[in-house]
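[1] build me a model:
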Amino acid sequence: METTKESVIQTWIFIIILALSFLLYSLFCYKVIGDAGQPTWDYRPVQDVPGESPYSMYQLLPYPQHVRGDKGE
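    Below you'll find the model as predicted:
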């Protein structure tokens, strides 16, 4: 009976140590990697339609449809 009781105590000690290690690891990650709040940079929308984007590599056509021809037809 003595070995069974020792085995149960050792098992519970192991479970408690394992749970505490997970808790400490989680708290460490929360403190180190935690949410720092709203970022300071601006997420301006970048227009990605080639005729509207300032970063476009194509020339702006005079009519809304982006095809060459008489008035964008």
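
[2] over stretch 20-31, what's the mean pLDDT, rounded is fine.
    Averaging pLDDT along stretch 20-31 yields 94.

[3] cool, stretch 39-53 as well?
    65.

[4] ranges for the strands of the protein?
    Counting by DSSP state E, the chain has no strands to list.

[5] quick one, phi psi at residue 39?
    phi -70, psi 160 (degrees, to the nearest 10).

[6] could you check how far it is from residue 32?
    18 Å (C-beta to C-beta, to the nearest Å). For the C-beta atoms, the positions are set from N, CA and C on the backbone; glycine is no exception.

[7] same question, residue 25
    On the measure of C-beta to C-beta, residue 25 and residue 32 end up 11 Å apart.

[8] of those two, which one has the most company?
    Legend: neighbour count by other C-beta atoms under 10 Å for residue 25 and residue 32, higher for residue 25 (10 against 7).

[9] ok, the more buried one - contacts?
    Residues counted as contacts of residue 25 (C-beta atoms under 8 Å, 6 or more residues apart in numbering): none.

[10] distance check, it against residue 9.
    From residue 25 over to residue 9 (counting by C-beta to C-beta), the distance is 25 Å.

[11] quick one, helices of this structure?
    Shown for the chain, the helices assigned by DSSP state H span residues 2-33.

[12] count of neighbours near residue 12?
    Count around residue 12 with other C-beta under 10 Å applied: 10.

[13] and it, what's its pLDDT?
    Per the predicted model, pLDDT is 94 at residue 12.

[14] OK, contacts around residue 7?
    Counted by C-beta under 8 Å, 6+ apart, residue 7 has zero contacts.

[15] tell me how far it lies from residue 14.
    Residue 7 is 11 Å from residue 14, by C-beta to C-beta.

[16] find the residues that touch each one of these two.
    Shared contacts of residue 7 and residue 14, defined by C-beta under 8 Å, 6+ apart, are absent.
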